[in-house]
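1. structure, please.
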Amino acid sequence: MIQRSFELYPTYKLYITSLHNQLFLSVSITERDADPEKTTEEIYSKIADILTASSSQIIHERCFTKVELHQQIQKARMRALGKHQIQVNTPVTFVEGESCFENSIAGFQMRALKPASGTTIRTIIDDGIPKGRAWNINGSTFYVLQSIDGGTANGAEQSNRKVQSEAMFRQAERLLHAQGSTYQDVVRTWIYISDILDWYDDFNVVRNHCYSEYGFIGNADTQMPAEQIYLPASTGIEGKNPFGRAATMDLFAVHRSPTSSIKVRPIYSTKQRSPFRYGSAFSRAVVIEDAESKLIFVSGTASIDEDGKSVFIGDPAQQMQQTFNVVSDLIAPEGAKLQDICEATVFLKRRQDFSIYQKIMEQVGISNAPSVNVVADVCRDELLFEIDAAFIIEKDEG
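-> Take a look at the predicted model:
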């Protein structure tokens, strides 16, 4: 049975969603003057208690903060987890994310897993650096890769943005191949792009080139509807990283054996068709389905109509309403609704629109949705709001 709860503390909100062996944790900082290091240590001490009580291990972890604080936050994290004998040498993705509450930290997102009998969780190391986690369930192996940017830890490489972004995709493919997987197993990417409005078209050219080489798209695809092409779900959003790279990426991949019962498929809606129709190689959402549940990864979604045009320009409330209408329409055929959110990241171009967002959330019935809320540019200058989200539902046993 799915359990959802949130806990309110003086400086933050903690959202908890669990189903069987899966655990989703989202932390949103709510206090303007919260001390970054002290608050981080408090949060991770609480998270350590939750992980210990549920016998769970973190498999994906992100922090949205001023990137110059990443070492300070990492040290506080490691102190708190170490005191509770929780493994600390696991990857964390740091993304520049100005808080909607004008704090230096916007929040944290974590996904954790309680290993069942026969399941092991291991850390993927690249050149001595933790770069991901891997685990096996029911004949499938799952991979999360983090902070993939095509560079090294010191960020010393000097090259243009297109070269860097291609190196990012090449690094991901190399790491997956080393694990016995390929990029074709990728179901979801989160791509944080520095100065996105300056070169998003160039980024799409690079991604399309790599995806063509990886077998997602090719000459035959020009003869079939874009919705029939399998592409990973994705978020492409403004976000600087600690090492000054042009872009950094997290991804989730599923390598299925011939006997695996897990199903993976993209979905689209009538309100927004495939973004590949206008040059962006990703699916609107991808569903991962097993015998017990569906996990729906919804790509970054904004106020775009079925023809790919931005709508309600200059009106933040209407853009938000349009976005939620699109997401609701997208997930409804899977038996999901907005209230089934287990994780979300909200991106606002303007901090002053946060109060409008809170009112819209109340109107659509998800005022306590587990989200981290940040100020960031969306891929088009006129778009004021974007949300990416994951939804989890339990399948009807009947």
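2. and Leu19, how many neighbours?
-> Residues lying near Leu19 (other CB atoms under 10 Å) number 18. The way it works is simple: take the backbone N, C-alpha and C, and place the C-beta from them, glycine included.
3. that one against Glu394, yeah?
-> Yes. Between Leu19 and Glu394 there is a contact under CB atoms under 8 Å: 6.3 Å.
4. what touches both of these two?
-> Counting by CB atoms under 8 Å, 6 or more residues apart in numbering, the shared contacts of Leu19 and Glu394 are 1-2, 292-293.
5. so which of the residues you listed are in strands?
-> Judged by DSSP state E, the subset of the shared contacts of Leu19 and Glu394 located in strands is Ser293.
6. adding distance to Arg256 and neighbour count, write the shared contacts of Leu19 and Glu394 out as CSV.
-> Converted to CSV, those look like this (distance: CB to CB, whole Å; neighbours: other CB atoms under 10 Å):
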residue, distance to Arg256, neighbour count
Met1, 27, 6
Ile2, 24, 14
Glu292, 17, 12
Ser293, 16, 15
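7. give me the sheet partners of the helix or strand encompassing Arg188 and which way each runs.
-> In the assignment (DSSP states H and E), Arg188 maps to strand 186-193. Strand pairing for strand 186-193, determined by DSSP bridges: strand 233-238 (parallel), strand 247-256 (antiparallel).
8. I'd like the next helix or strand past that strand.
-> helix 196-213.
9. wait, Ile341 touches Ala390, no?
-> Yes. At 7.3 Å, Ile341 counts as touching Ala390 under the criterion of CB under 8 Å.
10. which residues touch the most centrally placed residue in the chain?
-> Nearest to the mean C-alpha position of the chain, by CA atoms, centre = their mean, lies Trp190 at 4.8 Å. The contact partners of Trp190, taken as CB under 8 Å, 6+ apart, are 62, 234-235, 249-251, 388.
11. follow-up on the earlier one: the strands paired with strand 186-193: which one's closest to Glu98?
-> When those are compared by CB to CB, strand 233-238 sits nearest Glu98, at 10.1 Å.
12. of the contacts of Trp190, buried ones?
-> Buried subset of the contacts of Trp190 (neighbour count, 16 or more other CB atoms under 10 Å): 62, 234-235, 249-251, 388.
13. taking these together, which two end up most distant?
-> Farthest pair in these, by CB to CB: Arg62 and Ser234, 15.2 Å.
14. can you pull out the helices in the stretch 1-150 of the chain?
-> Secondary structure of the stretch 1-150 of the chain (DSSP state H, counting those that start in this stretch): helices at 36-54, 70-83.
15. quick one: which of those helices is nearest Phe347?
-> helix 70-83 (19.6 Å).
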